[in-house]
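Peer 1: When you get a sec, could you give me coordinates for this:
(one chain, ligands or ions: 1)
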Amino acid sequence: MKTAIVTGASSGIGFATAKALAAQGWRVIMASRNPEKNERAAKELQRLTGSGELIPMTLDLASFRSVRAFAKSFLEQQEGLDVLINNAGIYTSDFQKTEDGFEMQIGVNHFGHFLLTHLLRERLAQSEDPRLVVVSSVAHIQGQIDFDSFREEKGVYKGFRAYRQSKLANVLFTVEHARRFPDITANCLHPGGVRTPIATKHSNWYTNLGWRLLTPLLISPERGARTSLFLATAPEIKGQSGGYYDDKQRKRNLVPQARDEEMARRLWEYSEGVCSV
Ligand SMILES: NC(=O)c1ccc[n+]([C@@H]2O[C@H](COP(=O)([O-])OP(=O)(O)OC[C@H]3O[C@@H](n4cnc5c(N)ncnc54)[C@H](OP(=O)(O)O)[C@@H]3O)[C@@H](O)[C@H]2O)c1
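Peer 2: Down below sits the predicted model:
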């Protein structure tokens, strides 16, 4: 039986990804921050799929301590790992900080996953077809990396600017990961505009309203999970690394700031420093 870890599996695209993998007979570790919600989601998926292999485990990507505790428990309690899906994500309109003092969106969407991937890499590499799947967003194409914004609020906080930056960091991380660890198939993706609560949980009233008005135009979480599932399981992707795929599973060209090798290396080294790895 193959094993996947899906971060943020308690909701939205992660929930749909976990559901599809469980239905295909995978063991799925549902790694999410709220234990009660995660437990409920696992029960719901067991009911929907008939799978007994949905394992909820607590992971708060806004805390390096929690990421390390999760990795330790996983490595002690579980045996294999074939696919790591870095899916969890946050959008917030207001400036917030992680436990370790980072701006919340770069902290959760990038640094938490950077550390998680580092801690699980050795185990992942033991799989005969190891895969890393990173859920980014088309928003990254307008992103810019500004190292000075990682810890401090600079001027007026713009939630979308921080979100776009974090999603560009996802792509740079994937490309650099593919370069450094060619034996692990690593790709990233845009899932589409998906009907989930992401833009309503920590948003100001007008973003919240805008997202709700957009809702009828958005695709279902099941459709939004398709590219993650494709990159995690399709035989033709084995060994094809460093790509960015759209919601129709098409590989897309990278925009200049996403193929900036020097920036990818700097971000990687900076992330190693802050994660103390
Ligand atoms: N929806 C879209 O249109 C869209 C478009 C492009 C990209 N994406 C990306 O798709 C991914 C999934 O988002 P979604 O739309 O499915 O949103 P969602 O329904 O809000 O799901 C996000 C998941 O991430 C979890 N999460 C948030 N902060 C966390 C933390 N500190 N530690 C651990 N887990 C945390 C959430 O937990 P809680 O439920 O406890 O908050 C939830 O399980 C994100 O990376 C997002 O950037 C979404």
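Peer 1: Every contact and neighbour count from this point should use C-alpha atoms.
Peer 2: Fine.
Peer 1: how about stretch 156-176: buried residues?
Peer 2: Buried residues in stretch 156-176, defined by neighbour count with 16 or more other Cα atoms under 10 Å: 159-176.
Peer 1: dump the residue contacts of residue 251.
Peer 2: Going by Cα atoms under 8 Å, 6 or more residues apart in numbering, residue 251 touches 243-245.
Peer 1: for residue 94, same thing?
Peer 2: By Cα under 8 Å, 6+ apart, the neighbours of residue 94 are 157-159, 202-204.
Peer 1: between the residues you listed, which is closest to the ligand?
Peer 2: The ligand lies nearest to residue 202 out of the contacts of residue 94, by Cα to the nearest ligand atom, at 9.3 Å.
Peer 1: Residues of the protein that sit close to the ligand?
Peer 2: Proximity of the chain to the ligand, by Cα under 6 Å from any ligand atom, involves residues 8-14, 32-34, 59-62, 87-90, 108, 135-137, 190-198.
Peer 1: In PyMOL, how would I select the buried members of those?
Peer 2: PyMOL command restricting those to the buried ones, with burial defined by 16+ other Cα under 10 Å:
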select buried, resi 8+9+10+11+12+13+14+32+33+59+60+61+62+87+88+89+90+108+135+136+137+190+191+192+193+194+195+196+198
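Peer 1: Among the residues of the chain next to the ligand, which are located in strands?
Peer 2: Members of the residues of the chain next to the ligand lying in strands (criterion: DSSP state E): 32, 135.
Peer 1: Please identify which of the contacts of residue 94 is nearest to residue 20.
Peer 2: Set against residue 20, the nearest of the contacts of residue 94 by Cα to Cα is residue 202 (27.8 Å).
Peer 1: Could you report the separation of that closest one from residue 164?
Peer 2: Per Cα to Cα, to the nearest Å, residue 202 is found 16 Å from residue 164.
Peer 1: show me what contacts residue 93?
Peer 2: If a contact means Cα under 8 Å, 6+ apart, then residue 93 has 157-160, 202-204 as its contacts.
Peer 1: Any buried residues in the helix or strand of the chain with the lowest mean pLDDT, and which?
Peer 2: Here the helix or strand of the chain ranked lowest by mean pLDDT, DSSP states H and E is helix 205-214, holding a mean of 86. Residues 208, 211-212 are the ones in helix 205-214 that count as buried (16+ other Cα under 10 Å).
Peer 1: Could you let me know which of those ends up closest to the ligand?
Peer 2: residue 211 (9.3 Å).
Peer 1: still on that earlier bit, contacts for the least confident helix or strand of the chain?
Peer 2: For helix 205-214, contacts defined as Cα under 8 Å, 6+ apart pick out 199-200.
Peer 1: After that helix, which helix or strand is next? Please name it.
Peer 2: helix 221-224 (DSSP states H and E).
Peer 1: by contact count, what packs against the following helix or strand past that following helix?
Peer 2: Remark: after helix 221-224, the chain's next helix or strand is helix 226-233, criterion DSSP H and E. On a contact count with 3 or more Cα pairs under 8 Å, 6 or more residues apart in numbering; DSSP states H and E, helix 226-233 meets helix 12-23, strand 83-86, strand 131-135, strand 185-189.
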